[in-house]
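Undergrad: sequence and predicted structure are below.
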Amino acid sequence: MCGMELVGMERIAAAAELLAPVIRKTPIVASRVLSERAGTEVWLKCENLQRTGSFKPRGAYNRIANLPAADRARGVVAASAGNHAQGVAWAATSLGITSTVFMPVGASLPKLAATKAYGAEVRQVGETIEDALDAAKDFAERTGATLIHPFDHPDVVAGQATVALEILEQIPDVGTVLVPTGGGGLLAGIAVALHQLAPQVRVIGVQAKEAAAWPDSLAAGKPVRVGRMSTMADGIAVGLPGQVPFVHVAEHVPAMLTVDEDSLSKALLLCLERAKLIVEPAGAASVAALMSCTATELDLKGPVCAVLSGGNIDPLLLTRLIGHGLSAAGRYLDVRVTISDRPGGLSALLGVVGKTGASVVDVAHARTGSRLALGEVEVSLTLETRGPNHRDDVLNALANAEYSVRVED
């Protein structure tokens with residue numbers, strides 16, 4: 001990594017000047033529920049309301065705008081399953097440059113349509129982002145187009161750093177900033193800017209536990225590829241941190257936390273219900289940390305700013321995640337109850353449930369199954385509850401009524 005070009009305030013200031021006419025200064029929103037939980041003021045930095053629905057256009061535009069004229073004439077190419085694709089497409093079109101974006105065959109249809117709408121030629125290749133990236137590199141070699149990496153370039157890091165400049169303007173006394181982290185471009189940019197302008201601010205990177213390359217990488221002193229990834233937070237599911245972000249993060253970031261899938265879905269639900277903000281799972285990682293990590297892990301200094309890095313989510317996935325979030329928060333209860341297949345059996349069961357105050361969302365019968373004896377029926381109930389304590393009350397009531405109950409995950 002010796003000789004690598006580092007990002008300084010001069011480069012960040014130039015990026016801010018370049019981006020000012022075209023990038024939205026995204027709002028910050030106070031969160032009462034998170035403030036009460038954290039014991040200090042908590043604000044949400046809404047990059048989900050940025051152009052194309054994420055912070056990505058900041059780095060993409062800064063990178064493309066700084067290309068020499070000869071490189072611009074040959075166009076740009078990128079590989080992405082979503083947010084970076086849209087950022088590159090919008091930035092290139094805004095600058096009058098042709099763009100080609102390679103996306104996996106299974107890419108979300110809304111993200112695919114949005115990337116095309118922003119002006120890119122989209123080509124679907126392979127099953128993974130690695131397959132798409134290989135195709136993009138081959139395209140760049142064949143055509144002379146410039147490959148726009150989603151995070152591993154100083155101009156990209158400098159562009160993302162402008163988020164920190166806005167945070168300092170909007171919350172001058174900010175004490176802690178939490179940042180969703182994948183490849184590390186956003187985290188590196190924010191860390192560098194805050195180190196230079198407000199070194200007292202604590203910066204915390206947040207990764208999905210099932211796609212966490214950074215803890216091992218920081219421990220090893222170099223980027224280390226994670227063995228496997230399986231997370232709903234596809235926006236931060238990056239198997240190998242970038243070399244450029246790593247140098248800056250290793251020097252400036254004092255903490256890296258991870259959050260599990262339940263925490264991510266509960267955070268998404270909280271943003272939707274309490275802040276009226278649609279946020280994708282990756283974008284809600286900072287909120288998930290505030291909701292699930294211990295006070296010792298967080299070591300918050302107030303006021304706190306949680307960056308919501310993106311809001312591009314397929315409506316079908318959002319529907320499923322809302323259900324998952326409600327279940328994780330103890331507000332949905334799916335149970336299978338064995339009852340007698342006689343008149344009044346179902347009525348008696350629903351009477352027990354009704355007395356607990358739970359709301360029945362769905363009921364289904366099954367008269368066949370290896371667990372059922374002759375004269376028995378299994379009833380699947382989906383119930384809406386008021387939280388973990390109420391959920392336990394419902395289960396206790398069913399147990400006290402001597403029903404055989406299985407809770408479905």
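TA: Ah, there it is.

Undergrad: show the end-to-end separation of stretch 298-315, please.
TA: The stretch stretch 298-315 measures 32 Å between its terminal residues, going by C-alpha to C-alpha, to the nearest Å.

Undergrad: over to stretch 236-245?
TA: The stretch stretch 236-245 measures 14 Å between its terminal residues, going by C-alpha to C-alpha.

Undergrad: that stretch - what's its average pLDDT?
TA: Taken as a whole, stretch 236-245 has a mean pLDDT of 92.

Undergrad: now do it: distance to the chain's middle.
TA: 15 Å (C-alpha atoms, centre = their mean, to the nearest Å).

Undergrad: that one: which residues count as buried?
TA: For stretch 236-245, the neighbour count (16 or more other C-beta atoms under 10 Å) marks Ile236, Ala237, Val238, Gly239, Leu240, Pro241, Gly242, Val244, Pro245 as buried. Every residue, glycine included, has its C-beta placed from N, CA and C.

Undergrad: wait, what's in contact with the spatially most central residue of the chain?
TA: Per C-alpha atoms, centre = their mean, the C-alpha nearest to the average position across the chain is that of Ala282, at 0.6 Å. For Ala282, the contact set (C-beta atoms under 8 Å, 6 or more residues apart in numbering) comprises Pro180, Gly182, Ala208, Ala233, Asp234, Gly235, Ile236, Ala237, Ser309, Gly310.

Undergrad: try it again at 6 Å.
TA: Neighbour list for Ala282: Pro180, Ala233, Gly235, Ile236 [criterion: C-beta atoms under 6 Å, 6 or more residues apart in numbering].

Undergrad: strands - which of those residues land there?
TA: Within the contacts of Ala282, residues falling in strands by DSSP state E are Pro180.

Undergrad: from the contacts of Ala282, which is closest to Val88?
TA: The nearest member of the contacts of Ala282 to Val88, counting by C-beta to C-beta, is Gly235 at 14.9 Å.

Undergrad: number of residues surrounding the closest one?
TA: Close neighbours of Gly235, defined as other C-beta atoms under 10 Å, add up to 26.

Undergrad: how about Ala208?
TA: Neighbouring residues of Ala208 were enumerated by other C-beta under 10 Å; the total is 29.

Undergrad: Leu298 versus that one, what's the distance?
TA: When C-beta to C-beta, to the nearest Å is applied, the distance between Ala208 and Leu298 equals 17 Å.

Undergrad: now do Thr176
TA: Look at Thr176 and Leu298: by C-beta to C-beta, they are 8 Å apart.

Undergrad: who's more crowded, those two?
TA: Neighbours per residue (other C-beta under 10 Å) separate Thr176 from Leu298, with Thr176 holding more: 22 against 19.

Undergrad: give the contact list for the more buried one.
TA: Shown here is Thr176, whose contacts under the criterion C-beta under 6 Å, 6+ apart are Arg202, Leu300, Lys301, Val304.

Undergrad: ok, the first one touching Lys301?
TA: Yes. Taking contact to mean C-beta atoms under 6 Å, the distance of 5.4 Å between Arg202 and Lys301 places them in contact.
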